[in-house]
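[1] What follows is a predicted structure for the sequence shown.
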Amino acid sequence: MRIYTKTGDDGTTGLLYGGRISKGDPRTEAYGTTDEAVAAIGLARSLTDDAELSATLLGLQRDLFVVGADLATAGDARRRLQPRVSLVVPEMIDDLERAIDEQVAAHPLPNEFIVPGATPPSAALDLARSTVRRAERRVVELSAGAEDVNADVVRYLNRLSDLLFVLARRASGGAEPRSRNGAGAPAQ
């Protein structure tokens, strides 16, 4: 198998289950940013020695492939999507909320803004979080102009960024400097 197909040389890319769109299309930007988030979470996973955290991050990467597939499918092809395989479903959001609640119970959050970068894994998780936030913004932008965007994708990305924030605090081990102004953590 060749890594290059030359089909994208005209500035287009293929959608899942057929069709081509511009590489500059908002849909491409949305699922491309999701792909960046997969890589950023992979960086965090490579930096941690915490086996439980590593397993959690791998699961999140796999879920983001579902998000990417959901976003990379348009029109009538959406009927071919399968729950939790290529279609984001509410249960995936419920899973994230449970994970957030468990992490916060085990690792209470600070009341101040955090200055990221206390440890390599926490810094990588904060980078992943900000990438997921950008993906969320891209999906919101896409949904403003396309009727076939799954609303659960926005909710999933919103909760995922919250979970990554909590996991970054866990990975820092409480070693993060706080902001000087003492303001509360930003609302998500």
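    Yep, it's here.
[2] from here on, contacts and neighbour counts on C-alpha atoms
    Fine.
[3] residues in contact with stretch 88-105?
    66-67, 70, 83-84, 150, 152-153, 155-156, 159-160, 162-163, 166-167, 170 (Cα atoms under 8 Å, 6 or more residues apart in numbering).
[4] Just to confirm, what confidence does the model report for Lys6?
    pLDDT recorded at Lys6 is 89.
[5] can you start the count at 11 instead of 1 from here on
    Renumbered: residue one is now 11, and that last one reads Lys16.
[6] Neighbours of it, how many?
    Using other Cα atoms under 10 Å, Lys16 is surrounded by 7 other residues.
[7] pLDDT (mean, whole number) over the helix or strand encompassing Arg148?
    Arg148 is part of helix 130-155 when elements are defined by DSSP states H and E. For helix 130-155, mean pLDDT is 97.
[8] Next, the buried residues of that helix.
    130-150, 152-153 (16 or more other Cα atoms under 10 Å).
[9] most centrally placed residue in this structure?
    Val142 (4.0 Å; Cα atoms, centre = their mean).
[10] quick one: contacts for that residue?
    Here Val142 is in contact with Thr43, Thr44, Ala47, Leu167, Asn168, Leu170, Ser171 (Cα under 8 Å, 6+ apart).
[11] let's see it at 10 Å
    43-48, 50-51, 74, 136, 148, 166-172, 174 (Cα atoms under 10 Å, 6 or more residues apart in numbering).
[12] re the thing from before, I'd like to know which elements the helix or strand following the helix holding Arg148 is packed against.
    On the C-terminal side of helix 130-155, the closest following helix or strand by DSSP H and E is helix 161-182. Packed against helix 161-182 by the contact rule (3 or more Cα pairs under 10 Å, 6 or more residues apart in numbering; DSSP states H and E) you find helix 36-57, helix 61-81, helix 100-116, helix 130-155.
[13] Make CSV from the ones you listed and add distance to Thr22 to it.
    As requested, these are exported to CSV (distance: least, Cα to Cα, whole Å):
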stretch, distance to Thr22
helix 36-57, 10
helix 61-81, 16
helix 100-116, 31
helix 130-155, 17
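[14] Tyr14: which of the ones you listed is closest?
    helix 36-57 (17.7 Å; Cα to Cα).
[15] Can you point out the buried residues in that closest one?
    Applying 16+ other Cα under 10 Å to helix 36-57 flags 36-48, 50-55, 57 as buried.
[16] cool, and stretch 29-37?
    Per 16+ other Cα under 10 Å, stretch 29-37 contains these buried residues: Lys33, Pro36, Arg37.
[17] Please state the offset of that stretch from the chain centre?
    Averaged C-alpha coordinates place stretch 29-37 at 20 Å from its chain's average position (Cα atoms, centre = their mean, to the nearest Å).
[18] Give me the contacts around it.
    So stretch 29-37 is contacted by 17-18, 20-25, 38-39, 42-43, 78, 81-85, 87, 148-153, 155-156, 159 (Cα under 10 Å, 6+ apart).
[19] Try it again at 6 Å.
    Gly21, Thr22, Thr23, Gly24, Leu152 (Cα atoms under 6 Å, 6 or more residues apart in numbering).
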